[in-house]
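[1] Prediction below, plus the sequence it came from.
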Amino acid sequence: MPPMQGPTPRVTLALDTATSFLTLALAWDGAEAQLSEEVGRAHAERLPDAAKALFKRAGLPFFAQTIVLGTGPGSYTGVRVGASYALGLGRVWGAPVRGVSTLEALVRGASGSVPEGEVAVSLDARRGNVYGAVYEVRGGVVTRVIHAPEKRPLAEFEALAAGLPHHRDTPPDGLALLRAGLAHGATEWALAYL
């Protein structure tokens, strides 16, 4: 992509480190870019360089007016790495950090198709449990929370989600997270752990 010409665009950065994936997305002037790679537990090592590389690939200076953070549920260390990085950038850039449940970034599922209607999403919480939610999705964005994110026994959540598309342990989608953050991300948020 060629370097930007003219006035600086309004840029939003989204990031999620709650799962084994490092998920990043940018949106500016009607354009979008994203990156998602499995990094295991190497979020702290990979996040700074990956974020700068995504801005460079987009031809943008390393600056955003808004940051969207996936707040988990996820591993304690993974969730805190993303939160620390987002809060640090937010302070330096003077940008608000909007929090959105990582589960909202799963609504696209592994196929990447944009669902419509009710969708169940879940992450393995070990020992026969999942952290799951049921959302109503319109235009690829969660428009209503039907069953809020909660840790439940797998069998109980499967009964709750019976008959619905169910996206299980899929990689978070950075653009779904970004859009959710812009649509209804909260500036007062808490981190959630598996």
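    Alright, I've got the coordinates.
[2] only C-alpha atoms for contact and neighbour calcs from this point on.
    Fine.
[3] pLDDT below threshold where in the protein?
    Residues of the chain meeting the criterion pLDDT under 70: 1-7, 109-114.
[4] Regarding it, what is its longest helix?
    The helix that spans the most residues within the chain, counting by DSSP state H, is helix 76-93.
[5] Identify the residues contacting the residue nearest to residue 82 when sequence neighbours are not counted.
    Of all residues not flanking residue 82 in the chain, residue 17 sits nearest, at 5.3 Å (CA to CA, 6 or more residues apart in numbering). By CA atoms under 8 Å, 6 or more residues apart in numbering, the residues touching residue 17 are 23, 43, 70, 74, 78, 79, 81, 82.
[6] Check these for burial and list the buried ones.
    For the contacts of residue 17, a burial check counting by 16 or more other CA atoms under 10 Å picks out 23, 43, 70, 74, 78, 79, 81, 82.
[7] Distance of the fifth one relative to residue 100?
    This points to residue 78. 15 Å (CA to CA, to the nearest Å).
[8] Verify the contact between residue 79 and residue 69 for me.
    No. Using CA atoms under 8 Å, residue 79 makes no contact with residue 69, being 9.5 Å away.
[9] export the buried ones among the contacts of residue 17 to JSON lines and tack on distance to residue 138?
    Putting those into JSON lines (distance: CA to CA, whole Å) gives the following:
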{"residue": "23", "distance to residue 138": "22"}
{"residue": "43", "distance to residue 138": "31"}
{"residue": "70", "distance to residue 138": "20"}
{"residue": "74", "distance to residue 138": "25"}
{"residue": "78", "distance to residue 138": "29"}
{"residue": "79", "distance to residue 138": "27"}
{"residue": "81", "distance to residue 138": "31"}
{"residue": "82", "distance to residue 138": "27"}
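[10] between these, which is nearest residue 63?
    Nearest to residue 63 among the buried ones among the contacts of residue 17, counting by CA to CA, is residue 82 at 16.7 Å.
[11] Just list the residues touching that closest one, thanks.
    15, 16, 17, 18, 43, 69, 70.
[12] Beta-bridge partners for the last one, please?
    The residues listed as beta-bridge partners of residue 70 by DSSP bridges are residue 100.
[13] distance of it from residue 57?
    Using CA to CA, one gets 22 Å for the distance from residue 70 to residue 57.
[14] One more: residue 9?
    Distance from residue 9 to residue 57, counting by CA to CA: 15 Å.
[15] who has more neighbours, the two?
    Neighbour totals were compared for residue 9 and residue 57, and residue 9 leads with 17 against 14 (other CA atoms under 10 Å).
[16] coming back round to it: mutual contacts of residue 79 and residue 69, please.
    Residues touching both residue 79 and residue 69 comprise residue 16, with contact defined as CA under 8 Å, 6+ apart.
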